[in-house]
Every structure is written in C-alpha cells, then in structure tokens.
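A.B. asks: Sequence and predicted structure, then a few things I'm wondering about:
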Amino acid sequence: MKLKFIYLSMVLAAGLAGTASCSSDDDNDNLQPPVTNNDQGSQTNYAQLLPGHWACEDVDDDAEEMYNISFDSKGSKSIVLEWVEGEDYVMASGSYSISGNVLTAQYTDVSVYVENGGSYFKGFSNKQSRTVKYTISSLTNKVMTMKDGTGELKTFTKYKNVSN
C-alpha cells in the first residue's frame with residue numbers, strides 16, 4: 001500500500017508543479033453562480049471551459065489537502081479525482097454531466113487508503129460507487145471555484161487543457 005501511496009504522491013507532485021494554491025473560503029457561502037463571464041454579457045459555457053486537468057492545494061493548521069481533478073470532454077466525459085490529506089487518500093474515476101453550473105460526478109471506480117487501516121475517507125468508501133454534486137461558482141479557462149462534495153468552496157487552477 002505504501003508503494004501505491006508513493007506512486008500517487010509522485011503523480012500529484014508532477015501534476016501540481018507550477019500551479020497556484022487554492023483557498024477554502026467558508027466566509028463566502030452565499031456566493032451566487034455567475035451568469036456572465038465577460039463585459040459583453042455572454043453566458044458561461046461550462047461544458048467548453050471545464051475539460052482539462054485542475055489542481056488545488058489547501059493548507060490549514062491541521063493538514064495539507066491536495067486535489068487533482070481531470071475532466072475529459074470526448075464521448076464518455078470521464079472524470080478522475082485524486083484527493084490526498086497526509087497519509088490518507090482517495091482515487092476515484094467515473095463519468096460526469098453538467099446542467100447549468102451543477103456538475104454531477106458518478107464515481108464508479110473508487111480506491112481509498114487510510115493510514116489507520118480504515119476504508120472510509122471524506123465520504124468515499126473503498127470499492128463503493130458514489131455520486132457527488134459540485135456547484136461551480138465561477139469558471140474561466142484558467143480558474144474554477146466550486147463547492148466540493150463536503151460543501152467547502154475550493155479554487156482550482158487549470159494546469160493543462162484537453163482538446164475537445
């Protein structure tokens with residue numbers, strides 16, 4: 001299991017190179033999703049802006065959390081989530097759909113590792129499918145702010161585009 005964690009850490013470190021930090025902003029719970037993304041009043045095209053590899057690092061007094069989410073736009077609309085906190089992590093993959101600013105992820109392949117031997121981490125259970133709804137608060141081609149499955153507001157930076 002340690003080998004798997006080392007591999008995951010290397011993948012996350014490579015993916016997070018050159019990305020900005022994210023923030024957990026619990027003071028902004030009433031943030032409303034934008035209806036425009038420029039001065040001309042055009043609507044945000046979530047489906048067009050979302051595909052790519054996104055990273056977020058959240059550091060607080062207790063622990064450091066790293067998130068890596070990848071969205072593919074071709075055919076199946078696949079999603080991959082890597083979420084690490086200390087020695088514990090979840091790796092999950094599946095598919096996603098978008099309706100307005102609500103992203104619904106259906107994780108069907110879930111692996112959880114918990115240092116103390118448990119099989120539950122941040123709402124995910126090892127080898128158990130899970131559906132999570134995320135609310136996108138803002139999205140540009142470089143920065144995405146959304147409430148994750150725990151209700152916390154996180155800011156992600158896109159570090160790689162995916163061709164449509």
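C.D. replies: Great, that's in hand. All values derive from a computational prediction rather than experimental measurement.
A.B. asks: any idea of the mean pLDDT for stretch 138-153?
C.D. replies: Average pLDDT, stretch 138-153: 86.
A.B. asks: in that stretch, what's buried?
C.D. replies: Neighbour counts using 16 or more other CB atoms under 10 Å place 138-139, 144-149, 153 of stretch 138-153 among the buried residues. Glycine gets a C-beta too; all of them are placed from N, C-alpha and C.
A.B. asks: the helices in this protein, which residues?
C.D. replies: Taking DSSP state H as the test, the helices found in the chain are 2-16, 46-49.
A.B. asks: Correct me if wrong: T131 contacts Q106.
C.D. replies: Yes - under the contact definition of CB atoms under 8 Å, T131 touches Q106, with a separation of 5.1 Å.
A.B. asks: higher neighbour count, the two?
C.D. replies: Q106 (15 against 11; other CB atoms under 10 Å).
A.B. asks: Do you know the pLDDT at that one?
C.D. replies: According to the model's per-residue confidence, Q106 sits at a pLDDT of 93.
A.B. asks: If I look at the residue nearest to L103 when sequence neighbours are not counted, what pLDDT would I see?
C.D. replies: Spatially, and ignoring its direct neighbours in sequence, L103 is nearest to Y134 (4.4 Å; CB to CB, 6 or more residues apart in numbering). In this model, Y134 is scored at 91, pLDDT.
A.B. asks: wait, what's in contact with Y134?
C.D. replies: Y134 sits next to 102-105, 146-149 when contact means CB atoms under 8 Å, 6 or more residues apart in numbering.
A.B. asks: ditto for Y67
C.D. replies: Contacts of Y67 by CB under 8 Å, 6+ apart are 22, 54-58, 81-83, 148, 154, 156.
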